[in-house]
Structures are given as C-alpha cells and as structure tokens.
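> The sequence and its predicted three-dimensional model are supplied below.
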Amino acid sequence: MGLYRPFAELQNMTTSESQLISRDDRQTVGEQFVEDARMTCRDVNVFYGEKQAVQNVSIDIGRHEVLAMIGPSGCGKSTFLRCLNRMNDTIDICRVTGEITLDGNNIYDKNIDIVSLRALIGMVFQKPNPFPKSIYDNIAYGPTIHGLTDSNSELDAIVESSLVKAGLWDEVKDRLDQPGTGLSGGQQQRLCIARAIAVEPEVILMDEPCSALDPIATAKVEELIAELRRQYTIVIVTHNMQQAARVSQRTAYFHLGDLIEVGYTDKLFTTPRHQLTEDYITGRFG
Amino acid sequence: MHHNYQKQIEKLREKFLTLGSIVEDRVRKACSAFNGDSLEDIEMVIKSDYEIDEMEVEIEEECLKILALYQPVASDLRFIIALIKINSEMERIGDYAVKIAMRVKFISEHSTLLFPMDYTPMAEKVITMLKMSLDALVDKDADLAHRIFILDDEVDAMRNKAYDIIKKQLRKQPEHAGCLLNGYLLARHLERIADRATNIAEEIIYMVHGDIVRGEHN
C-alpha cells in the first residue's frame, strides 16, 4: 500500500481504454475494408479435403496499396494469397468458398478465363523461377501468348519498359540474349517481377519474394515494390515483419486460418489491438 | 534469440527500477532536513549525484542497444521509447534533489531564521507522486498515472501559496532576503519534481495505451 491509496479512493477512477482483445476472440478486428477497393474478399473459406485451412476471411485490397500478410507458418496466409488468382485450382483436393472480386467481377465465376485472370493478377514466388530462356524471351513470352502485340518493335518496347519498371534495364540491356538463369538471385527475382509486369496486370501477388535474397537485393526489391505501387496493387506474404513494416500501407495478421487483425501498418506495429497480434509481432510465440 | 531478448528487456527493467528507487530515496533525503534532521544525508545527496548520472547513461545505452539489435515493436517498442524519456526525467529529478539539498544547507548555515514555512506536506505530496509514477510503471497502470495529474494541480497550488507567504516575509524581514529567496526556490524545485513526475505519467499512459496525452490534461 502506497501513501496515495486513501487519496486515490476519493478520485474518480479513469477507465482504461483499448485493452487488447482476448486470444480466444477470433472475430477480425481493424480496418478490413477500404473505400476504393480493387479486390474484395467476403467469407472466404479454403479446404484441403476435409481440413479447413482458411476460415471466413473478409478483406478488401485497395487500389495502389501494398497489403502485407503476416503470421506464423501454417496460418493460411499463402493459401489465401493463392486464392486471389485461383492458383489453388491446380490442387485437386482444394476447395474455395465465398466471393472474391476484381474490379467488381467475381473471379470464381464459371465464365472467367483463368489464363487471362492470372495475367491480370500476376504472381511472384519465393524462389526466382526464370524460364530457361534468354532475358529477352523471359519478358516477351507472356505478351506474345496473350496476344498483346503483333509487331517486333512493339514487343521490344514492352520488354524494355518492363525491365525499366523492374529496375533491371541498366543492368541487362547489353546482354538481353543471355540466359535469365545466369543472373544473380536478386536480378532473377526482378526479372520475374518484370515478367509479371509485361502482361499488364492490375494486381501483383508476391509470396515471400525476398526470402532467398541477400539484404542488398532485398532492399532493391523493396524499393521496387514502393515504385510499383503507383501503378499496381500489391499483396505480399512475408515472414519478415520488418519488411512488412517497411513496404506496406496495411498489414493483415493471420493465425490458424483466421484473419485476426487488419490495420494501418504503422498502427499495427506500435499499438496492435488483438493479443494474438501483439504476441506474434513481439516474438512471444510463432 | 527471443529468449535472450526477453532477458535483456527484463534486465533493463530491473536496472531502471534500481535507478527509480535511488532517485526516490535522494529526494526523500534532501527533504528530510526540513524536519530539522541531520545534515549528513544532505551532504550525501550532493556528493553522490554522479551515481544517478552514470546510471542514466547506462540505461540509455541499454535501450539503444535493444533498439538496434532487436528492433522491438508494439508494447516492447512503447516500453523502450517510454523508458528512454522517463530515464532522463529521473536524472533531472536527481538534479532537483541536489538543488534542494544545497538550498537547505545554505539556509541552515547562513541564517538563524527558521524555514519560512512548513514544506513537509508539499514534499510528501511530491514524493507520493514520484512513488505513484514508479508504481504505475511497474504495474503498467494507466489509471494510476492519470491520478498523478490531479496531484500536480495541488502541488502547483502549494507553490503559489509558498510564493505569497515568502513575499510577505520578505517585506517583514528584508535582512533575510537571501534565505527567503532560497526558501521560495525550495518550493519551486519541489514543484518542478512534480512536473517531471507528471511527464513520467504521460509516458506511462503512452506505454500502456499507445495514446500520446502530452498537455491534454492541463
């Protein structure tokens, strides 16, 4: 008992604000929805056979925003990312319910052409995966098969502008005929980003795009993400929380298939609202 | 790595609490001579301020190390940021304890005059605020921190009262002007300690809730 107790009893107690939401409450908290949404996801569930990997996820992805998705391994963030361009269709036992739209159109509609959809919603993977072809052909392949051009000069222009946007042009312009696989890891990843850009996407999904890169190559890709945001919408899954904090405007935290919290990145990393988010980002589990 | 990180944070917390209890003790000792207690404690407060200064630097270095090595976020980040600020408030409070001690010494040595007023209630209130702020930090108790603001207003009123009393005394006994001025400055230093305790309370509210409340309670 301190000296102040009797005095304190006379005062009006101020009530504590914003206590953290309990670990047991799995309702999503925070800024799930935005005014200018490019993609909307409502009540998305994903099942692998009998096992449910993602539960009732509802979230918007804003125009020109970088949305970061974080969470411990197995929390469903990559599974959810793959729903956004129907990559999960390639897995036989995988079933997706709920609604996901791009510019108001349901991407799971039976009339949707999946190949065109995946051009509109491009993807960059953890490990750089350039085609075993020349740097030029890596970029030219997509626009050619999607019929985006019918002249060589137009194709040259697309290759150049894609490489410029990916910040790779100056490093490769004198060796476009050499194999893409001969580039360094960081350059290969930027080549893959250029390849995604070449087919004029609206959204770019990135699944751990820097986990195989050194810090300098990582910094280049992060700068590129900030640059690409002007033109595209980007969703990035990352295990690196500092990276999520650096590159994104909003961050979504997943836990055991639930979307626990979505918030503006600066707020989420200083004052998270949910106990599970707090525990994860401060390293108390995960 | 995370285990080590938690250990570092715990070590830092303990070190800071040691600083807090030393500073609280110094303020208590500096004020003890108001009751006519021995001046030995006063000498000790004046001579050992360097200990507080050294601890402040050590704690700041620890905070910077944790920021650089672990990049804490959320409540850990708020704790470190609050602690960096509270740490320097504590060091300043230590300085005020020294100033109080020196003025008490001056008055005792240079005057046959008794203290112009009874500082004990004011000193007790200020020490209470300091203790409350440390308790609020330990217990992460924002409600307790809020209550410090109310006490700060009371200490301000006491300082104003001291001003009036001493102004009257100065008219009556202008030959004791030096001691009376030192007597007013005692009240002023106590009031400044209360201000620092209030700043600490603001940092604790930030630490607990993430809200910056600086100046909002005035």
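Okay, I see it.

> CA atoms for contacts and neighbours, from now on please.
Fine.

> Partner strands of the strand or helix carrying residue A:234 and their direction?
Per DSSP states H and E, residue A:234 falls inside strand A:233-237. Strand pairing for strand A:233-237, determined by DSSP bridges: strand A:66-70 (parallel), strand A:203-207 (parallel).

> mind exporting the last one as PDB, just the C-alpha atoms?
Meaning strand A:203-207. Backbone C-alpha positions of strand A:203-207 (Å, rounded to 0.1, in the frame of the first residue of the first chain) are rendered in PDB as follows:
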ATOM      1  CA  VAL A 203      -2.600  -6.800 -59.100                       C
ATOM      2  CA  ILE A 204       0.700  -8.400 -58.300                       C
ATOM      3  CA  LEU A 205       0.800 -11.100 -55.700                       C
ATOM      4  CA  MET A 206       4.200 -11.800 -54.000                       C
ATOM      5  CA  ASP A 207       4.800 -14.900 -51.900                       C
END
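
> After that strand, which helix or strand is next?
Along the chain past strand A:203-207, the next helix or strand (assigned with DSSP H and E) turns out to be helix A:215-228.

> circling back: which parts of the helix or strand just after the strand holding residue A:234 are buried?
Downstream of strand A:233-237, the first helix or strand assigned by DSSP H and E is helix A:241-247. For helix A:241-247, burial by neighbour count (16 or more other Cα atoms under 10 Å in any protein chain shown) applies to A:241, A:243, A:244, A:245, A:247.

> Stretch B:11-30 now?
Quick answer for stretch B:11-30 (16+ other Cα under 10 Å): B:12-13, B:15-17, B:19-20, B:22-30.

> Tell me how many other residues crowd the closest residue to residue B:33 other than its chain neighbours.
Leaving out its chain neighbours, the residue that sits closest to residue B:33 by Cα to Cα, 6 or more residues apart in numbering or on different chains is residue B:39, at 6.5 Å. Residue B:39: 16 surrounding residues under other Cα atoms under 10 Å in any protein chain shown.

> Do you know the pLDDT at residue B:39?
On the pLDDT scale, residue B:39 is placed at 81.

> Can you tell me how far it is from residue B:123?
Distance of residue B:39 to residue B:123, computed by Cα to Cα, to the nearest Å: 17 Å.

> residue contacts, residue A:210?
Going by Cα atoms under 8 Å, 6 or more residues apart in numbering or on different chains, residue A:210 touches A:126, A:217, A:218, A:221.

> what sits against the closest residue to the second one other than its chain neighbours?
Yep, that's residue A:217 we're talking about. Computed as Cα to Cα, 6+ apart, the closest residue to residue A:217 that is not its neighbour in sequence is residue A:186, at 4.8 Å. Each residue near residue A:186 by Cα under 8 Å, 6+ apart is listed here: A:213, A:214, A:217, A:218, A:221.

> chain center to stretch B:151-171: distance?
For stretch B:151-171, the separation from the chain centroid amounts to 19 Å (computed by Cα atoms, centre = their mean, to the nearest Å).

> Looking at that stretch now, give me its mean pLDDT.
Mean pLDDT, stretch B:151-171: 95.

> Give the buried residues for that stretch.
B:151, B:152, B:154, B:155, B:156, B:158, B:159, B:162, B:163, B:166, B:169, B:170.

> anything in the helix or strand hosting the first one near chain A?
Assessed by DSSP H and E, residue B:151 sits inside helix B:142-172. Yes - contact of helix B:142-172 with chain A is found when judged by Cα under 8 Å from any Cα of the partner chain, involving B:142, B:143, B:146, B:147.

> Can you name every helix or strand that that helix contacts?
Helices and strands touching helix B:142-172, by 3 or more Cα pairs under 8 Å, 6 or more residues apart in numbering or on different chains; DSSP states H and E, are helix B:120-139, helix B:177-209.

> counting contacts, what elements does the shortest one pack onto?
Identification of packing neighbours for helix B:120-139 by 3+ Cα pairs under 8 Å, 6+ apart yields helix B:2-32, helix B:142-172, helix B:177-209.

> State the distance from the residue nearest to residue B:84 when sequence neighbours are not counted to residue B:13.
Of all residues not flanking residue B:84 in the chain, residue B:60 sits nearest, at 6.1 Å (Cα to Cα, 6+ apart). Residue B:60 is 12 Å from residue B:13, where distance means Cα to Cα.

> In chain A, which residue sits nearest chain B?
residue A:270 (4.1 Å; Cα to the nearest Cα).

> can you tell me which residues contact that residue?
Shown in contact with residue A:270 (Cα under 8 Å, 6+ apart): B:73, B:74, B:75, B:77, B:78, B:210.

> So which of these is the closest to residue A:19?
Comparing the contacts of residue A:270 against residue A:19 with Cα to Cα picks out residue B:210 as the nearest, at 10.6 Å.

> Can you list phi and psi of the closest one for me?
phi 80, psi 10 (degrees, to the nearest 10).

> wait, isn't it in contact with residue A:271?
Yes - contact criterion Cα atoms under 8 Å: residue B:210 and residue A:271 qualify, at 5.8 Å.

> Looking at the two, which one has more neighbours?
Neighbours per residue (other Cα under 10 Å) separate residue B:210 from residue A:271, with residue A:271 holding more: 25 against 18.

> Nearest residue to the more buried one in space, please, no chain neighbours.
Going by Cα to Cα, 6+ apart, residue A:271 has residue B:74 as its nearest residue, at 5.3 Å.

> how many neighbours does the closest residue to residue B:96 other than its chain neighbours have?
Nearest residue to residue B:96 in three dimensions, chain neighbours excluded: residue B:189, at 6.0 Å (Cα to Cα, 6+ apart). Other residues near residue B:189 number 19, with proximity taken as other Cα under 10 Å.

> do the same with residue A:49
Counted with other Cα under 10 Å, residues neighbouring residue A:49 total 11.

> pLDDT wise, what is the nearest residue to it once chain neighbours are set aside at?
Nearest residue to residue A:49 in three dimensions, chain neighbours excluded: residue A:93, at 5.1 Å (Cα to Cα, 6+ apart). Looking at residue A:93, its pLDDT is 95.

> got the contact list for the residue nearest to residue B:211 when sequence neighbours are not counted?
In space, and not counting its chain neighbours, residue B:211 is closest to residue B:205: 6.7 Å by Cα to Cα, 6+ apart. Contact partners of residue B:205, counting by Cα under 8 Å, 6+ apart, are B:141, B:142, B:145, B:146, B:211, B:212, B:213.

> Now do the residue nearest to the third one when sequence neighbours are not counted against residue A:97, distance only.
So that's residue B:145. Residue nearest to residue B:145 in three dimensions, not counting chain neighbours: residue B:201, with 4.7 Å by Cα to Cα, 6+ apart. Taking Cα to Cα as the measure, residue B:201 falls 50 Å from residue A:97.

> Those two - which one has more neighbours?
Taking neighbours as other Cα under 10 Å, residue B:201 and residue A:97 compare with residue B:201 leading, 32 against 16.

> right, and that one touches residue B:152 too?
No - Residue B:201 lies out of contact with residue B:152 (Cα under 8 Å); the separation is 10.7 Å.

> Provide a list of residues in contact with the spatially most central residue of chain B.
Centroid-nearest residue in chain B: residue B:93, 3.7 Å away (criterion: Cα atoms, centre = their mean). Residue B:93 makes contact with B:23, B:27, B:193, B:196 under the criterion Cα under 8 Å, 6+ apart.

> mind checking pLDDT for the second one?
Per-residue confidence at residue B:27 stands at 96 (pLDDT).
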